[in-house]
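**Q** got a predicted structure plus its sequence, pasted below:
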Amino acid sequence: MSSADAPRIVLEGVGRTYGEGRAGAVRALDTIDLEIPPGQLLSVEGPSGCGKTTLLNLLGLIDTPTRGELRWNGTPIGHLGERERTRLRLSGVGFIFQRFYLLPTLTARENVELPMRAARVSPGDRHQRTSQLLESVGLSERADAYPHQLSGGEEQRVAVARALANRPGLLLADEPTGELDSANTEAILQLLIRSRAESGATLVLVTHNPNVSARADRHIRMRDGLVVGDGGGR
Amino acid sequence: MNRARPPALRHHRLQAILTIAAIATSVSLPVVLLSVGGGVSEHEIEQLQNAGYEIVVSASGIHGVNQAHTLAISIDRIASVAAASPVLSVAVDAFAASGGPQPVLVEGVLPASFTATEGPTERALFPAPLPLGDGSDSVHYAQGSYAGAATWSVLVSSPFLASSGEHVGSSLVLSPTADRTAGVRFNITGVFGVPPTSLGPTAAFGMVVPLSDLQLLVGLAAASASGAPPLDAADTVQVALAGGAAGDPAQIARVASAIQGLVPFYGVSSLTDQVDHVRAASSVLTGFYLALSSVALTVGLIFLALVLVRRVESQRRSIGVARAIGVPGRLIAGGIVRAGLMLSAIGAGLGVVGGIALVLILQRFGGPAVELAAGLAVFDPRTLLGLTLGVVALSLAASAIATRYALRLSIPEALR
């Protein structure tokens, strides 16, 4: 199984409005113009409700823009059908959520295997890759534990391993250290940076933590659904 | 490593048990209805097919067949007829040596004809020839005059004999009313058994006497005021055919037609027709059972759909995560359908076993009539398999509802 190439992502006038009618419509994302080169580590900051998660959902193809155009390597993908977007998510995107979101009925190993199972990776390759990933996140001994038997830091490490399973070109992390203590925050951050360096994937990181955003190549600041700042790392 | 199951699985286990119980309950109802209902119908058909006669002459309404002795002789003369047996059933009061009147159904027959039209069950229960004296009953009947010597003999069923304290050789009084002085003393000349099930043909009556004796006892031998011949009444005339004609529908139809020519105003039906009628009635009942059962099954499947939808709701976030990381809808749908099929298959299987167990319990503890009907139950493997497969197939519809719900979840909302 080869690593997916990191895409060049372009957003042109992208917006997302929920609900209908003047009274019911909520403009979660106003008008975003953004270009993300392959392999970049981009941090996204801003107050709650400014549209960070919506932006991440659009980048990760789990939501569709109501305005504008989203392109990967020049190909418009924002309005693809659900089946095609699912295929792209499976092969090209890795998600890491703030609350880990491991499937509670699966063990750590089964959670990591899930994206590969969906991608029809052979059982042998799947097992080998899962073992590698769990070893790389330091959880070989905890492979058979269920999520409720893991600490928060361990859960997030399993989530990182799951996100890397299909060697995606785009890693999206939504406040991945938001529920962790400082020691675990540093460990997860190091893990993400190392994984991104090894795979050459683009990493988009939503964070409130200045120590986290300081490691980014570039950081953008959002407010009220707009990008209000875009600059290099501090 | 502690391999304790996560709470979600424990929760689903309880849901699964309840769902399986609901489906099993809804399946056990048709198992009981179809097996017992089908068994009773099969028993009725078997009784008709083993009746020992092929044609029945009867009159509509409460009117009996008149001139029974003469008619039997006329029918006997038709080619292929082995015997024509008039039968009259009347409830009378029996007075044993001790105790008061005891109601009993008495059957009046021509002894030799009755024996010739016995089925296999009756042959095993009745003595042959019947010890009732004149086999043709022609001496007492004396061509309608009833001037001959009556035998006043009676065969008594073994349960009646046991309860009355009488014995073969003793006598009892049979009376058309509760007044002993209006009765006639009969000599007990024999005893007959009863089949193990009261649904059999001989269990309904407790005594057998010569037809002419019974006619005389209950007034059906009385001449009319206008001087017309006595009624010589019977309820039916049962006609047995000889040899191969008994199994040949064309011969049965020919004889029935010839009899109809003798008695154009009476009903003449073959037991083949009656079997067809029972089968038709059985089909109607089966349809009714299935309609009734479909209500129970629908409730069970609605419960399954609710549980599956509830399961999707409780796994809303997990489904959102799975879809977010690219798990195709078909895999998510497959999981739901598999769960539905598994629950319904286990539920249907347990329902079949439970239904059979319920019938077996009814056979032992259901009260006399229920025990009897349950004892006739027939468990047709094809019906039970068809029922199970039908429920499993219908569970796909329940799964489809939950699958549709799961695949229409908004991923961002599920992750929120």
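**A** That came through fine. Residues are numbered from 1 along each chain as shown, chains lettered A, B, ... in the order given.
**Q** let me see the contact set for the residue in chain B that chain A sits nearest to.
**A** Using CB to the nearest CB, the single residue of chain B nearest to chain A is B:G326, 2.6 Å away. For every residue, glycine as well, the C-beta is placed using N, CA and C. B:G326 makes contact with A:T86, A:R87, A:L88, A:R89, A:L90, A:S91, A:V93, A:P115, A:A118, A:A119, A:N166, according to CB atoms under 8 Å, 6 or more residues apart in numbering or on different chains.
**Q** low-confidence ranges in the chain?
**A** Picked chain A for this. For chain A, applying pLDDT under 70 flags the ranges A:1-4, A:21-23, A:232-234.
**Q** was after chain B, sorry
**A** Scanning chain B for pLDDT under 70 picks out B:1-11, B:61-63, B:196-204, B:222-227.
**Q** scan it for its longest strand.
**A** Assignment by DSSP state E gives strand B:81-95 as the longest strand of chain B.
**Q** need phi/psi at the most centrally placed residue in chain A.
**A** Chain A has A:L172 as the residue nearest its centroid, 1.6 Å off, counting by CA atoms, centre = their mean. Dihedral pair for A:L172: phi -120, psi 120, per degrees, to the nearest 10.
**Q** list the contacts of the residue in chain A positioned nearest to chain B.
**A** For chain A and chain B, the shortest gap (CB to the nearest CB) falls at A:L90, measuring 2.6 Å. Neighbouring residues of A:L90 by CB under 8 Å, 6+ apart: A:P115, A:A118, A:A119, A:N166, B:I325, B:G326, B:V327, B:P328.
**Q** give me the neighbour count for the nearest residue to the second one once chain neighbours are set aside.
**A** In space, not counting the residues next to it along the chain, A:A118 is nearest to B:V327; the distance is 4.4 Å by CB to CB, 6 or more residues apart in numbering or on different chains. Residues near B:V327, counting by other CB atoms under 10 Å in any protein chain shown, number 22.
**Q** with B:I73 instead?
**A** If you count neighbours by other CB under 10 Å, B:I73 ends up with 14.
**Q** A:Q190 now?
**A** Using other CB under 10 Å, A:Q190 has 11 neighbouring residues.
**Q** in a strand, it, correct?
**A** No. Counting by DSSP: H, G, I helix; E, B strand; the rest coil, A:Q190 is not part of a strand but helix.
**Q** tell me the buried residues in stretch B:378-391?
**A** For stretch B:378-391, burial by neighbour count (16 or more other CB atoms under 10 Å in any protein chain shown) applies to B:V378, B:T383, B:L384, B:L387, B:T388, B:V391.
**Q** likewise for stretch B:393-403?
**A** Applying 16+ other CB under 10 Å to stretch B:393-403 flags B:L394, B:S395, B:A398, B:S399, B:A400, B:I401, B:A402, B:T403 as buried.
**Q** how about the first one, phi and psi?
**A** Looking back up the chat, that one is B:L394. With angles defined as degrees, to the nearest 10, B:L394 sits at phi -70, psi -20.
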